[in-house]
Structures are given as structure tokens and as C-alpha cells.
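Q: from the sequence below, what's the structure:
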Amino acid sequence: MFYGSALHTIDSANNNLKILKMMDWIPIVLLTFKLLVLAIGMFFAIKWHYDQGKKMATNAVLRAGGKVAAIFMFSLMGLGLFTLVLARTFGLDLSFP
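A: Numbering: from 1, shown residues only. Purely as a prediction, here's the structure:
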């Protein structure tokens, strides 16, 4: 009886070891899949924007890009100002050493 129980324990330990070895590969496989999907998505996004840029006049593309950059910079400055005010409201020390 004990001998059969020991074999069962060894067999289940081997199965657990196989599962653990398989689990070591899951992050690698999922990360590779994620990077592949993101790379394909980026390729098609860049291609679509490039094709749209060819359709529009170059001047309009530069103007639209400038507007987007300006909106981004103003929103970034607003977020920084909001963070500064919020940090001072909570009494955080923001001085440099």
C-alpha cells in the first residue's frame, strides 16, 4: 500500500514539474504574441497615415500636425500645473535638494 502511494506521489510530482516547466514558457509566448500584434498594428497605422498624407496637400498636413503638437503641449502644461497645485494643496515638499 505504501509503495503504491509513493509511486503516486512521484507521478504527481513529475506532472507538477511538467506543468511548472510549461508555465515558464507562458510569459515568453504571450509577450511575443503581444509584440507581434503591436508591431503589425503600428505598421498598418503608419501606412494608413502615410497614404492619407499623400492624398492631402502637404501644407494641410503640416498645419494639422502643428495643431496636434500645440494641443498636446498645452494639455501637458495644464497637467503639470494641475499636479503642482494638487501637490502643494496636500503639502508635499517639491523643492530640489
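Q: how about low-confidence regions in this structure?
A: Scanning the chain for pLDDT under 70 picks out the ranges 1-17, 19-20, 56-58, 97.
Q: and the helices in it?
A: Listed in chain order, the helices of the chain (DSSP state H) span 2-55, 58-89.
Q: which among those helices is found nearest to Ser95?
A: Smallest distance to Ser95 across those (C-beta to C-beta): 11.3 Å, for helix 58-89. Using the backbone N, CA and C atoms, a C-beta is placed for each residue, glycine as well.
Q: tell me what that closest one is packed against?
A: The helices and strands touching helix 58-89, judged by 3 or more C-beta pairs under 8 Å, 6 or more residues apart in numbering; DSSP states H and E, number zero.
Q: check the offset of that helix from the chain's centre.
A: Relative to the chain's own centre, helix 58-89 is displaced by 22 Å; criterion: C-alpha atoms, centre = their mean, to the nearest Å.
Q: want to throw the helices of the chain into JSON lines with distance to Ser95 and mean neighbour count?
A: Putting these into JSON lines (distance: least, C-beta to C-beta, whole Å; neighbours: other C-beta atoms under 10 Å) gives the following:
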{"stretch": "helix 2-55", "distance to Ser95": "40", "mean neighbour count": "10"}
{"stretch": "helix 58-89", "distance to Ser95": "11", "mean neighbour count": "10"}
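Q: using JSON lines, please lay out these together with distance to Phe96.
A: JSON lines is the format used below for the helices of the chain (distance: least, C-beta to C-beta, whole Å):
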{"stretch": "helix 2-55", "distance to Phe96": "37"}
{"stretch": "helix 58-89", "distance to Phe96": "14"}
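Q: thanks a lot, catch you later.
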